[in-house]
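Visitor: Sequence unavailable; structure follows:
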């Protein structure tokens, strides 16, 4: 059970390991692109390519969905970024349970945005955990964990994919041991649990009173969605390729400054944030130098916090 590109490595891992995949569950097709054509999920594309039985229910809560799933008689179900809650009745169907690939070192960062939250917190290390799903929020017993260092400048999509690839590799070595009774699931220490929340569009709006390092973490966490953006002349202005300038001369937070070969915006600690590319709402992305030539009044303006 999985939907986005980061879920595909888990399915590939099962196939490479010689496991019999009796069914693939993925989200229903969504309108995609300006033409609003139906878009297949990466997991669906892989399932079709491999000729695997495919299921795309809009919910797993109906009696029909449970009967359909039960008819597959799975020994175990693997879940990776599926996007749907597994109802209690369905959790009891596979004798070996539901094994979930979660991109954090549980019990830290339970919930919907573990990778984004880890980047916002500026941690040097995170990882991936394989757990048995229960009726709680990422609270099931742990089968295996593996740590990973966070690379400098790494954005949420890159780290997410790397962690799920790590999880896929961990899955290949863990499932046989779980099936053969060589592995004991370990209960999580709930006293150490931390929780994440769903990210919303407004999270990407920049508050220039924050220091430059914090703003860079926000840029890495919110790229590409919900983005890292501000307001200028009443329009949304998206900021790309953001990094702390080597040094800063202070100034009012939100003030746009000339960095010689580009532009920067003063952060709350007085250090400018260098911006490599910019995009006005509804327009194309431009390099900072090109944007400055097209909008000479941009340098010196004050962006809102």
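Guide: Sure, I can see it. Just so you know, these numbers come straight off a predicted model, no measurement behind them.
Visitor: Specify the local secondary structure of residue 86.
Guide: What DSSP: H, G, I helix; E, B strand; the rest coil gives for residue 86 is coil.
Visitor: Contact partners for it?
Guide: 1, 60, 77, 79, 98, 133 (CB atoms under 8 Å, 6 or more residues apart in numbering). C-beta here means a position set from N, CA and C on the backbone, and glycine is covered the same way.
Visitor: ok, 10 Å please
Guide: If a contact means CB atoms under 10 Å, 6 or more residues apart in numbering, then residue 86 has 1, 25, 60-61, 69, 77, 79, 93, 98, 100, 133-135 as its contacts.
Visitor: if you look at those, which of them are in helices?
Guide: Judged by DSSP state H, helices contain the following of these: residue 69.
Visitor: will you turn the contacts of residue 86 into TSV that also has pLDDT?
Guide: Converted to TSV, the contacts of residue 86 look like this (pLDDT from 0 to 100):
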residue	pLDDT
1	98
25	98
60	96
61	94
69	98
77	98
79	98
93	97
98	98
100	98
133	98
134	97
135	96
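Visitor: What strand or helix carries residue 89?
Guide: Residue 89 is located in helix 88-91, with elements delineated by DSSP states H and E.
Visitor: what mean pLDDT does that helix have?
Guide: In this model, helix 88-91 has a mean pLDDT of 96.
Visitor: For it, which helices and strands make contact with it?
Guide: helix 63-71 (3 or more CB pairs under 10 Å, 6 or more residues apart in numbering; DSSP states H and E).
Visitor: distance between the helix it packs on and the chain's centre?
Guide: 30 Å (CA atoms, centre = their mean, to the nearest Å).
Visitor: Kindly report the same for stretch 53-72.
Guide: With CA atoms, centre = their mean, you get 26 Å for stretch 53-72.
Visitor: which of the residues in that stretch are buried?
Guide: Using 16 or more other CB atoms under 10 Å as the test for burial, stretch 53-72 gives 57, 60, 65-66, 69.
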